[in-house]
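Colleague: Fold the following for me, if possible:
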Amino acid sequence: MKNTTQASTLQALPDFCIDHTMLRVSDLERSLDFYVRILGMKILRQNEYPAGKFTNTFIGYQGEDEGATIELTYNWEQTEPYERGNAWGHIALKVSDVYAASEYLKSQGVEFTKQPSPMKGGSRILAFIKDPDGYPIELNEPLSKDR
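Modeller: Residues are numbered from 1 along each chain as shown. Have a look, this model is predicted:
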């Protein structure tokens, strides 16, 4: 890794920021129901690509230029389940009260892989759920709540 002082004298760092995370989904309508109806995201843009036989749908809580989004990619002819691999981690959603959010999600039939509780070795409250394709989603409270 380069020395940051050395790198900054050579060239200014571009204004990088996280744009989106792409997930391949097996059932677009089921995924949209989960992310839009249950988690409250908005459909920001949707494009079909007949030549490539896929649909891209961008969803999020704010506009694409204002914050990070999720790109759901639905490949029309995909019949086999996707493999996530062992390098995949999770998506994290911040919520003011993980316990209250978890009660709501339970009422919607969402599957939990970790019930809400303090993180191992800390006091920040976390929970983990799965989306319809099994992608893990962490729920956490703002850092300011842990201080």
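Colleague: Neighbours of the closest residue to residue 131 other than its chain neighbours, how many?
Modeller: Spatial nearest neighbour of residue 131, excluding adjacent residues (CB to CB, 6 or more residues apart in numbering): residue 34 at 5.5 Å. Every C-beta, even on glycine, is put in place using the N, C-alpha and C of the backbone. Residue 34 is flanked by 22 other residues according to other CB atoms under 10 Å.
Colleague: Mind checking which residue lies nearest the centre of the chain?
Modeller: residue 91 (3.6 Å; CA atoms, centre = their mean).
Colleague: longest helix in this protein, by residue count?
Modeller: Assignment by DSSP state H gives helix 98-107 as the longest helix of the chain.
Colleague: so what secondary structure elements neighbour that helix?
Modeller: strand 112-118, strand 125-130, strand 136-140 (3 or more CB pairs under 8 Å, 6 or more residues apart in numbering; DSSP states H and E).
Colleague: Relative to residue 47, which of the ones you listed is closest?
Modeller: Nearest to residue 47, of all these, is strand 136-140, at 24.3 Å by CB to CB.
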